[in-house]
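[1] how would this look folded up:
(chains A and B)
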Amino acid sequence: MTAVLPWVTLVVCLATTLARIPSALRGENRDVFYIFSLITLSIFISIEAPYLVIDGWLGGMNIGNLVLRFLLYATFYFMGIKIAMAFGSASAVRAIRGPIGITAAVLVGALTIYFFAITDTRGSSAGMSGLTWGPSLDGYAAMGRLYPGFVAACLVPAIWRTVASTAPVLLRVASGFLLLGLCLLLLSQFFPLIPFSEAWLRVLINYSAAMATCIGLAGIWFSKAYARRKQRLLA
Amino acid sequence: MPLQSKAFQRWLHGVAPDASTADVCRIAGIKRTTLAQQLVRGKVAESTLVSISRGFHINPVQALSTFDLYSELRGDPVPPTPCELVSQVATIDLLRAVVDRSEPGSTPAPHLSEPPHPTSVRNWVDAIDDGELRHRVSLATGIAPQNFSAHLTANRLPPELAVATSRAAGVGPAGGLVAGGLITEAEAGWPPDARRKALDAMSQSSLVTLAGERLLALGKTLRRQEQDHERTERIWENLG
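    Okay, the predicted model is just below:
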């Protein structure tokens, strides 16, 4: 199942991105289209077959993975701000975009490059799972989980308030999916506790997080379209 | 807890010994699947009993009173207090009454709309509350105060809780059932013009004060709704 999950996630993300093209062309919320594109691109690069090709172009020393990390950081930065603004959490916007958030992003980015540089990363392998793991690779992986986790932690309270509110049911369900995705990212901070033999569990959590987030964001869009349609029919 | 299905079936047999389930549902205007589901679960909703009673022209209060849980409803109906009666006047009717009082003869007073109105339950509980009522109800029934509040906000009152609240307040047992929308005021034995008379008997000052309280509460509810609406719109504007 964990072999299929990444592809399913990619299909879901790609479908949502394509579905947003018409509204993006009309100039409605282009940011959301860019966010979906970033998520889709990240998922695409993270899957083994495309990864090996792309990393091959980049010299076969897993620079592709480094690129993926920074793509993810960017995705979470932009998505985090957009979601925090949507859910009306000024404190979350400040936390992500303010001095604390920028410091965290720069620090994580710098440490990611540092850990990458001091590791022998020759030999392309998706998720760098084929390399000999040492403390430096552990640190590298931890950085990759830390920043998304930080953004997720900033967003969880505001989204929870909406899930528990009296908002339209579809919107609450969609927000629930988003919340689930972010909570899985928080859970992923405990990956070091998962034994190496159970690596499938990490794959499951990572892609489920991406899928739930994507479904949640698409669901919010859908709930809006549905409510507007109902309004028009009533009018 | 709703009615036990065994007791319910005994009652139904007494009411309509020859009617099939399909007939009963058709006459009562309820879905067959709904009744079947309730019977299978072993618990029949009071509203089902009320619909069937109406279908067979039986007073629903009398029908309810044959169940042990609602034995308090037996006997002659206890007349409602003036406060209870006024609590079941819709806010808009109350405001009309204020206008009529201030400018008599401008328009003939229209009929008061039937209870329940959008804040019936809260208004009824407020009308019979001596300040300790909620506490006594939660002691007697074990319902948590915040759950009781949630019912009031949602304008819902489960029949069993309605009767327990009446009991704790020392008023007639059927008033809460009217406020909760289970039965009509006529079925509860309230005289047809009782609410109008109670309203007319109020002094102008208490009428205006009550209208003011209702408006204040309405304003709060509307503000909350508007805030919820704004929150939803902001999410859609940013992510939709």
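[2] CA atoms for contacts and neighbours, from now on please.
    Fine.
[3] for the single longest helix found in chain B, packing partners?
    Of all the segments assigned as helix in chain B under DSSP state H, the longest by residue count is helix B:204-239. Using 3 or more CA pairs under 8 Å, 6 or more residues apart in numbering or on different chains; DSSP states H and E, the elements in contact with helix B:204-239 are helix A:63-86, helix A:199-234, helix B:91-102.
[4] buried residues in it?
    The neighbour-count check on helix B:204-239 (16 or more other CA atoms under 10 Å in any protein chain shown) flags B:207-208, B:210-211, B:214, B:228, B:231-236, B:238-239 as buried.
[5] what is the nearest of these to chain A?
    Distance from chain A was checked for each of the buried residues of helix B:204-239 by CA to the nearest CA. The minimum falls on B:Ile235, at 4.2 Å.
[6] okay but that closest one is in contact with A:Ala86, surely?
    Yes - the pair B:Ile235 and A:Ala86 qualifies as a contact (CA atoms under 8 Å) at a distance of 4.2 Å.
[7] shared neighbours of the two, anything?
    Contact with both B:Ile235 and A:Ala86 is made by no residue, according to CA atoms under 8 Å, 6 or more residues apart in numbering or on different chains.
[8] next one: B:Gln146 from A:Leu204, what distance?
    Distance, B:Gln146 to A:Leu204, using CA to CA, to the nearest Å: 39 Å.
[9] more neighbours: which of the two?
    Neighbour totals were compared for B:Gln146 and A:Leu204, and A:Leu204 leads with 16 against 10 (other CA atoms under 10 Å in any protein chain shown).
[10] and that one, how far is that from A:Val4?
    From A:Leu204 over to A:Val4 the distance is 10 Å, taken as CA to CA.
[11] phi, psi for the closest residue to A:Ala212 other than its chain neighbours please.
    Nearest in space to A:Ala212, with sequence neighbours left out and distances taken as CA to CA, 6 or more residues apart in numbering or on different chains, is A:Gly181 at 4.7 Å. With angles defined as degrees, to the nearest 10, A:Gly181 sits at phi -60, psi -50.
[12] flag the shaky bits of the chain, pLDDT-wise.
    Reading this off chain A. Across chain A, the stretches falling below the confidence threshold (pLDDT under 70) are A:1.
[13] that's the wrong chain, I wanted chain B
    For chain B, the stretches flagged by pLDDT under 70 are B:1, B:106-109.
[14] what does it put close to chain A?
    With CA under 8 Å from any CA of the partner chain as the criterion, chain B meets chain A at residues B:228-229, B:231-232, B:234-240.
[15] can we see that at 6 Å?
    Remark: the part of chain B in contact with chain A comprises B:234-236, B:238, B:240, using CA under 6 Å from any CA of the partner chain.
[16] any chance of the residues you listed in CSV, plus distance to A:Thr213?
    Compiled in CSV, the residues of chain B next to chain A are given as follows (distance: CA to CA, whole Å):
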residue, distance to A:Thr213
B:Arg234, 19
B:Ile235, 15
B:Trp236, 16
B:Asn238, 16
B:Gly240, 14
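[17] enumerate the residues of chain A near chain B.
    When proximity is defined by CA under 6 Å from any CA, chain A lies next to chain B at A:86-87, A:221, A:224.
[18] ok, and the most crowded of those?
    Neighbour counts for those (other CA under 10 Å) peak at A:Phe87, which has 27 neighbours.
[19] any idea which residue is closest to the centre of chain A?
    Computing the C-alpha centroid of chain A and ranking residues by CA atoms, centre = their mean puts A:Ala210 first, at 5.4 Å.
[20] with adjacent residues omitted, what lies nearest to that one?
    Closest residue to A:Ala210 apart from its sequence neighbours, by CA to CA, 6+ apart: A:Gly181 at 6.4 Å.
[21] the one you found reaches A:Cys214, doesn't it?
    No - the pair A:Gly181 / A:Cys214 is not scored as a contact, 8.3 Å apart, by CA atoms under 6 Å.
[22] A:Arg202: neighbour count?
    When neighbours are counted by other CA under 10 Å, A:Arg202 registers 18.
[23] buried residues in whichever strand or helix holds B:Cys25?
    Remark: B:Cys25 resides in helix B:21-28, with elements defined by DSSP states H and E. Residues of helix B:21-28 classed as buried: B:24-25, B:27-28 (neighbour count, 16+ other CA under 10 Å).
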